[in-house]
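J.: what's the 3D shape of this:
(one chain, ligands or ions: 2)
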Amino acid sequence: MSRTLAEKVWEAHVVRHGSGAEPDLLYIDLHLLHEVTSPQAFDGLRLANRKLRRPDLTIATEDHNVPTVDIDKPIADPVSRLQVETLRRNCAEFGVRLHPMGDLEQGIVHVVGPQLGLTQPGMTVVCGDSHTSTHGAFGALAFGIGTSEVEHVMATQTLPLRPFKTMAINVDGALQPGVTAKDIILAVIAKIGTGGGQGYVLEYRGRAIENLSMEARMTVCNMSIEAGARAGMIAPDETTFDYIKGRPHAPSGADWDAAVAYWKTLRTDDDATFDAEVHIDADELTPFVTWGTNPGQGLPLGASIPDPEQIADENERVAAEKALSYMGLEPGTPLRDIRVDTVFLGSCTNGRIEDLRAAADVLKGKHVASGVRMLVVPGSMRVRKQAEEEGLDKVFLDAGAEWRQAGCSMCLGMNPDQLAPGERSASTSNRNFEGRQGKGGRTHLVSPLVAAATAVRGTLSAPADLEN
Ligand SMILES: CC(C)[C@H](C(=O)O)[C@@H](O)C(=O)O
Ligand code: SF4
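T.: Ligands and ions are numbered 1, 2, ... in the order given. Okay, the predicted model is just below:
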């Protein structure tokens, strides 16, 4: 029977088929942990007097609560400090490998897994974190789980799961210069809506997806969850194999050949059908930015703030009115006229080396506009090191940006990097909900190229605007 990529990976992991309404029980190949969603799970294990079933398939890093300056000092905020210290204690007690602050492999969990070669095609990958969908870029079935599920995986290395539906997101054609993976995914979410992917595993396919680098594919899969999907996947190909080869946890020798032979089978069969299909023409895409308070409220940068009165659907109209009032924006304002206070380059969406290179390329020889602060936060310490070896830190510092240590940083208000009430940002992260980057903060989601150009002009801009 012909099957989709997601169905192949699912079936390869079923330990026990559920009968009737019962879920299937799936084996989990990789379990990632961070400080926010693991404490109660460890407590549960301790209470039940259980061990971790497979500590060797479990790895932890510190990311959400870590400051990105003065990391050699104790964490000032007591809640964050407790969170991080608890993770350290738990990992030591249960024998889990942990990359603590300052370690070369420390960073955002979804940057660290792929960087170490832990994330591989055909795997099941889970983490108590919604953006686990990032790992689907490798053709893994990867999804976020709740804290009680984290405990279940810790204890058994399995997870009961209900079946999903499949949706193909076909992105055909070729991207124009200056248009990136971030613009693809913002356009996808604007098209299908923040609930459009509910119940589905998305498979991104088509020529524009095949032409993306691994890091760009991660950007796309990362935001699948913002369309409400359970996961997002891309079939592995030579780009995937090249990326994995030689990484610390990649198979080697004969194991490598066997792995690649298997990975090559991980493609949706030609005659397989999806429960739903969406088409996007990459040629038509331009840089995309959000204007509202959910990731689906986005438009091409050349557009203007929509007028809620023109929106036919009542729910969408009300949501737009509310968003514009929170964002302090007027209908009809060209998006390019919106002035920002802060630019944030980082997060598990766009905090990888290629993102930093792209932004540095725009900033080189230019300066951040007066009154604008720009934070550049590498997704991991290894990304930071590589950037420094390439001299990117100098480009950012010369341009007047801040060069930080690794962590989630301003992606969410769980650490000192936050917007003040009423402040507006252009941010390469993935969520623009009310208060996401700090109470009262206003977020516009953008690509690294748009972030850099916006930092220079002080208003939402693309690199092409700098040439005028
Ligand atoms: C803190 C964590 C549970 C959360 C998530 O699940 O995604 C965070 O990473 C986020 O991006 O909002
Ligand atoms: S960078 Fe942002 S989205 Fe990613 S894990 Fe951290 S908080 Fe979540």
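J.: ok, T158 - contacts?
T.: 15, 25-28, 152 (C-beta atoms under 8 Å, 6 or more residues apart in numbering). (Each C-beta comes from the backbone N, C-alpha and C, glycine too.)
J.: next to ligand 1, which bits of the stretch 301-450 of the chain? Give me the list.
T.: L412 (C-beta under 6 Å from any ligand atom).
J.: for the stretch 301-450 of the chain, just list every one of the helices.
T.: Shown for the stretch 301-450 of the chain, the helices assigned by DSSP state H, counting those that start in this stretch span residues 314-327, 347-350, 353-363, 381-389, 392-398, 448-457.
J.: how about whichever residue of the stretch 101-250 of the chain sits closest to ligand 1, nearest residue that isn't a chain neighbour?
T.: Of all residues in the stretch 101-250 of the chain, the one sitting closest to ligand 1 is S130 (3.5 Å; C-beta to the nearest ligand atom). Of all residues not flanking S130 in the chain, G144 sits nearest, at 3.9 Å (C-beta to C-beta, 6 or more residues apart in numbering).
J.: quick check: bridge partners of the one you found?
T.: C127 (DSSP bridges).
J.: per-residue pLDDT, it?
T.: Per-residue pLDDT puts G144 at 98.
J.: just the one 5 residues further on next, same as before
T.: E149 carries a pLDDT score of 98 in this model.
J.: quick one: residues contacting it.
T.: By C-beta under 8 Å, 6+ apart, E149 lies in contact with 126, 128, 159.
J.: please identify the helix or strand for it.
T.: helix 147-156 (DSSP states H and E).
J.: that helix: which residues count as buried?
T.: In terms of neighbour count (16 or more other C-beta atoms under 10 Å), helix 147-156 has its buried residues at 147, 149-156.
J.: helix or strand right after that helix?
T.: Criterion used, DSSP H and E; the element after helix 147-156 is strand 158-161.
J.: sec struct for the closest residue in space to L118 that isn't next to it in sequence, please.
T.: Spatially, and ignoring its direct neighbours in sequence, L118 is nearest to H249 (4.8 Å; C-beta to C-beta, 6+ apart). Applying DSSP: H, G, I helix; E, B strand; the rest coil to H249 yields a three-state assignment of coil.
J.: which residues touch H249?
T.: If you count contacts by C-beta under 8 Å, 6+ apart, H249 has them with 116-118.
J.: which non-adjacent residue is nearest E11?
T.: Once flanking residues are discounted, E11 sits nearest to R3: 7.3 Å by C-beta to C-beta, 6+ apart.
J.: neighbours around that neighbour, how many?
T.: 17 (other C-beta atoms under 10 Å).
J.: same thing with W403?
T.: By other C-beta under 10 Å, the residues close to W403 number 21.
J.: and the end-to-end length of stretch 399-419?
T.: Stretch 399-419 has an end-to-end distance of 21 Å (criterion: C-alpha to C-alpha, to the nearest Å).
J.: stretch 39-57 too?
T.: In stretch 39-57, first residue to last residue: 18 Å (C-alpha to C-alpha).
J.: what of stretch 276-291?
T.: Stretch 276-291: ends 28 Å apart by C-alpha to C-alpha.
J.: so what's the gap between it and the chain middle?
T.: Remark: stretch 276-291 is offset 18 Å from the chain centroid, using C-alpha atoms, centre = their mean, to the nearest Å.
J.: same question for stretch 53-71.
T.: Distance, centroid of stretch 53-71 to centroid of chain: 16 Å (C-alpha atoms, centre = their mean).
J.: one more: stretch 117-130?
T.: Centroid separation for stretch 117-130 versus its chain: 13 Å, with C-alpha atoms, centre = their mean.
J.: ok, and for stretch 354-373, which residues are buried?
T.: Using 16+ other C-beta under 10 Å as the test for burial, stretch 354-373 gives 354-360, 362-363, 366, 368-369, 372-373.
J.: not counting that stretch itself, show me its contacts.
T.: Contacts to stretch 354-373, defined as C-beta under 8 Å, 6+ apart, come from residues 180, 213, 215-216, 219, 340-343, 345, 374, 376, 378, 383, 387, 390, 392, 395-396, 399-402, 428, 448-449, 451-453, 455-458, 463, 466.
J.: would it count as contacting ligand 2?
T.: No - judged by C-beta under 6 Å from any ligand atom, stretch 354-373 and ligand 2 are separated, with a smallest distance of 12.3 Å.
J.: distance between the ends of that stretch?
T.: So stretch 354-373: terminal residues 22 Å apart, C-alpha to C-alpha.
J.: now do it, average pLDDT.
T.: In this model, stretch 354-373 carries a mean pLDDT of 98.
J.: what of stretch 297-307?
T.: For stretch 297-307, mean pLDDT rounds to 98.
J.: now that stretch, how far from the centre of its chain.
T.: For stretch 297-307, the distance to the chain centre is 23 Å (C-alpha atoms, centre = their mean).
J.: and it, what's buried?
T.: Residues of stretch 297-307 classed as buried: 297-301, 305-306 (neighbour count, 16+ other C-beta under 10 Å).
J.: out of those, the closest to N350 would be?
T.: Relative to N350, the closest of the buried residues of stretch 297-307 is G298; by C-beta to C-beta it sits at 15.0 Å.
J.: please name the bridge partners of that closest one.
T.: T290.
J.: coming back round to it: so which of the buried residues of stretch 297-307 comes closest to D275?
T.: Checking the buried residues of stretch 297-307 against D275 with C-beta to C-beta, the nearest one is G298 at 25.0 Å.
J.: need the contact list for the closest one.
T.: 186-187, 189-190, 288-292, 445.
J.: run the last query once more with 7 Å
T.: With contact set as C-beta atoms under 7 Å, 6 or more residues apart in numbering, G298 has these partners: 186, 189-190, 288-290, 445.
J.: let me have those residues in CSV, adding distance to A323 and neighbour count as columns.
T.: As requested, the contacts of G298 are exported to CSV (distance: C-beta to C-beta, whole Å; neighbours: other C-beta atoms under 10 Å):
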residue, distance to A323, neighbour count
L186, 15, 28
I189, 14, 27
A190, 13, 19
F288, 16, 26
V289, 14, 27
T290, 9, 25
L445, 13, 31
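J.: pull the most distant pair out of the residues you listed.
T.: Maximum distance among the contacts of G298 (C-beta to C-beta): 12.4 Å, for I189 and V289.
J.: give the burial count for the closest residue to ligand 1 within the stretch 301-450 of the chain, as a bare number.
T.: Distances between the stretch 301-450 of the chain and ligand 1 by C-beta to the nearest ligand atom are smallest at L412, namely 5.3 Å. By other C-beta under 10 Å, 20 other residues sit near L412.
J.: likewise for V126?
T.: For V126, the count of nearby residues is 24 (other C-beta under 10 Å).
J.: what residues are up against it?
T.: Residues near V126 by C-beta under 7 Å, 6+ apart: 28, 31, 132, 143, 145, 153, 159.
J.: run the angle between the helix of greatest length in the chain and helix 147-156 for me.
T.: Longest helix in the chain, counting residues (DSSP state H): helix 78-94. With axes from the mean of the first three to the mean of the last three C-alpha atoms, to 10 degrees applied, the angle from helix 78-94 to helix 147-156 works out at 20 degrees.
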